[in-house]
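**Student:** Here's a sequence, model it:
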Amino acid sequence: MPSKQVPERQTSEDRRAAARESRARWAKAVSQALAERGLSVHAAARQAGISPGALQAWLHQDVEPSPRAMEALAWVIGRRHLHLISLLGWLPEELGDIPMQLEASFKLREALAEAERWVEAASASVSFGGGSLIANAMLDRSSDWEVILRHSIRGNTLQVRYVTDVAFSRVGHPNRHDPPTRPPDTDRDRAEIEGLIPDALRRTGASWRRPERTATWTWVKRQDLVLSAPVLLASKPRGLRPNLVVPPSIVVAGIPFSGAPDVGALLATSLDWAYMNLPVNARQRFGVAPGSPDELAAQAEIARGLLEDPAGTGRRLVWCCDDLEPLTETFRQGLVGPELPLVVFLRIPESVIEYAAEQLPDGPDPATIEAAQNRVRRLLDKRGDDRSLILDVPDLPIEPGALHDVDLFFDARAKLAFDAVQWLHKFHDGPALDEAPGILGELWRSAGRARRSATKQ
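**Tutor:** Below is the predicted model:
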């Protein structure tokens with residue numbers, strides 16, 4: 001009867017040689033992952049909470065890594081925890097195939113997600129904008145309405161294409177200089193339009209312009225029937241070359257009229273990250289009506305999920321929170337910590353607080369608005385680290401009883417976005433403004449050219 005083979009016993013030198021080979025294999029895999037993500041050793045170590053010197057030694061000096069650091073490092077470099085452990089030979093032999101299977105599955109999901117982003121980006125470049133989507137939906141559903149589209153630019157010195165305005169009028173409606181045959185019924189006509197194209201309105205996040213804003217427009221027949229489909233503030237997927245160094249999620253928060261959505265959308269372009277318009281996302285996901293209590297509750301629910309999962313649903317995403325109730329609810333429990341998103345908070349001055357109290361439909365008093373702002377500010381002050389930034393919105397002129405100057409306010413918000421990018425560059429290895437991609441980088445460089453041209457003159 002054949003005798004059972006006894007495994008050859010390893011000498012201490014054999015074990016040391018095998019450990020060196022495992023460390024070399026681990027170091028090669030980690031270095032490759034860093035190169036794929038464009039991460040320096042210093043940046044990766046800081047994000048993983050490791051000493052840069054320790055990570056440098058693990059990679060280049062045949063020093064055994066710390067087991068405690070593997071999970072955080074795996075998350076930063078986009079590898080699985082078990083995969084890194086298996087490379088170091090720390091798993092029992094019978095479990096050796098499992099990490100490779102998990103890593104292959106993870107890589108396949110990442111590849112599919114990347115392919116989906118390429119398809120989304122390619123589709124976005126040839127698809128209709130929000131305004132065209134609304135116009136085509138209306139012309140397809142009804143022959144009773146005329147539609148005119150115009151692009152709208154915002155900003156005095158820092159100009160961007162901001163919205164597409166869609167003006168409606170009934171077929172045969174007289175020109176604005178002709179006497180109307182009967183008084184318009186704004187509520188009835190808006191309800192009819194909303195009932196004809198509900199899906200297009202939800203998808204685009206379009207909203208009705210206040211007639212006071214369109215009173216001087218000569219190209220519309222009905223000043224009360226103009227929808228604005230966001231362009232800058234439209235929710236977008238992340239780009240093909242997103243910044244991989246900045247911590248994975250950013251929330252831009254503020255009281256209404258702080259300009260948080262403008263700052264957030266501009267900031268997202270400088271990182272080539274996704275941007276989420278929180279109210280629009282709430283309407284699309286839950287089918288809630290704009291401004292309704294259900295919409296505000298849906299915003300708070302989405303915001304809490306993004307705060308608690310920055311590396312998952314919030315990964316490579318800039319999102320904004322500037323409705324009063326969702327802002328208060330989201331930050332009520334102090335959901336801000338070292339593993340949660342970076343926070344940019346826009347603090348508005350007293351004059352804007354008073355203006356917000358006048359303009360908001362529910363009519364909160366200035367004291368309520370200021371209390372909500374102070375609650376978030378105290379939370380961030382208590383945090384006291386470089387993962388949050390408080391920016392002061394300038395005290396811009398607002399004439400009593402008049403609407404604020406949207407172009408003047410936009411210029412101020414673009415400058416706040418400049419400040420936010422400079423903070424990211426200083427503390428989180430973000431891009432320098434001179435090299436930043438997207439709309440914000442272009443605004444910075446065009447402003448620089450204008451300054452240099454003015455100096456020469």
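**Student:** Could you use CA atoms for every contact and neighbour count after this?
**Tutor:** Noted.
**Student:** Now do the same for the most centrally placed residue in the chain: helix, strand or coil?
**Tutor:** By Cα atoms, centre = their mean, the mean C-alpha position of the chain lies nearest to Val318, the distance being 1.8 Å. At Val318, secondary structure determined by DSSP: H, G, I helix; E, B strand; the rest coil is strand.
**Student:** Enumerate the beta-bridge partners assigned to it.
**Tutor:** Val318 forms beta bridges with Ile250, Tyr275, as assigned by DSSP bridges.
**Student:** For it, which residues are in contact?
**Tutor:** Ser249, Ile250, Val251, Val252, Gly264, Ala265, Leu267, Ala268, Trp273, Ala274, Tyr275, Met276 (Cα atoms under 8 Å, 6 or more residues apart in numbering).
**Student:** Please produce a ChimeraX select command covering the buried subset of these.
**Tutor:** Restricted to buried positions by 16 or more other Cα atoms under 10 Å, the ChimeraX selection for those reads:
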select :249,250,251,252,264,265,267,268,273,274,275,276
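**Student:** tell me the mean pLDDT for the helix or strand hosting Arg451?
**Tutor:** In this structure, Arg451 is located in helix 438-456 according to DSSP states H and E. Confidence over helix 438-456 (mean pLDDT, whole number) is 86.
**Student:** and Ala356, what pLDDT?
**Tutor:** pLDDT at Ala356 comes out at 90.
**Student:** follow-up on the earlier one: which other residues reach the helix holding Arg451?
**Tutor:** By Cα under 8 Å, 6+ apart, the list of residues contacting helix 438-456 reads 157-160, 266-267, 269-272, 414, 417-418, 433-436.
**Student:** Quick one: distance of it to the chain centre.
**Tutor:** What separates the centre of helix 438-456 from the centre of its chain is 25 Å, taken as Cα atoms, centre = their mean, to the nearest Å.
**Student:** same thing with stretch 261-273?
**Tutor:** 6 Å.
**Student:** Look at Ile148 and tell me its secondary structure.
**Tutor:** With three-state DSSP as the criterion, Ile148 reads strand.
**Student:** What residues are bridge-paired with it?
**Tutor:** Ala167.
**Student:** What are the structural domain limits within the protein?
**Tutor:** Per the record, the chain has its domains at 15-92, 130-230, 249-456, by automatic domain parsing.
**Student:** mind exporting the helix holding Arg451 as PDB, just the C-alpha atoms?
**Tutor:** Provided in PDB are the C-alpha atoms of helix 438-456 (Å, rounded to 0.1, in the frame of the first residue of the first chain):
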ATOM      1  CA  GLY A 438     -13.900  72.600 -18.200                       C
ATOM      2  CA  ILE A 439     -15.900  75.800 -18.000                       C
ATOM      3  CA  LEU A 440     -14.400  77.100 -14.800                       C
ATOM      4  CA  GLY A 441     -10.900  76.800 -16.100                       C
ATOM      5  CA  GLU A 442     -11.900  78.600 -19.300                       C
ATOM      6  CA  LEU A 443     -13.500  81.400 -17.300                       C
ATOM      7  CA  TRP A 444     -10.300  81.800 -15.200                       C
ATOM      8  CA  ARG A 445      -8.100  81.900 -18.200                       C
ATOM      9  CA  SER A 446     -10.300  84.300 -20.100                       C
ATOM     10  CA  ALA A 447     -10.500  86.600 -17.100                       C
ATOM     11  CA  GLY A 448      -6.700  86.500 -17.000                       C
ATOM     12  CA  ARG A 449      -6.400  87.400 -20.600                       C
ATOM     13  CA  ALA A 450      -8.900  90.300 -20.100                       C
ATOM     14  CA  ARG A 451      -6.800  91.600 -17.200                       C
ATOM     15  CA  ARG A 452      -3.600  91.400 -19.200                       C
ATOM     16  CA  SER A 453      -5.200  93.200 -22.100                       C
ATOM     17  CA  ALA A 454      -6.500  96.000 -19.800                       C
ATOM     18  CA  THR A 455      -3.100  96.400 -18.300                       C
ATOM     19  CA  LYS A 456      -1.400  96.800 -21.700                       C
END
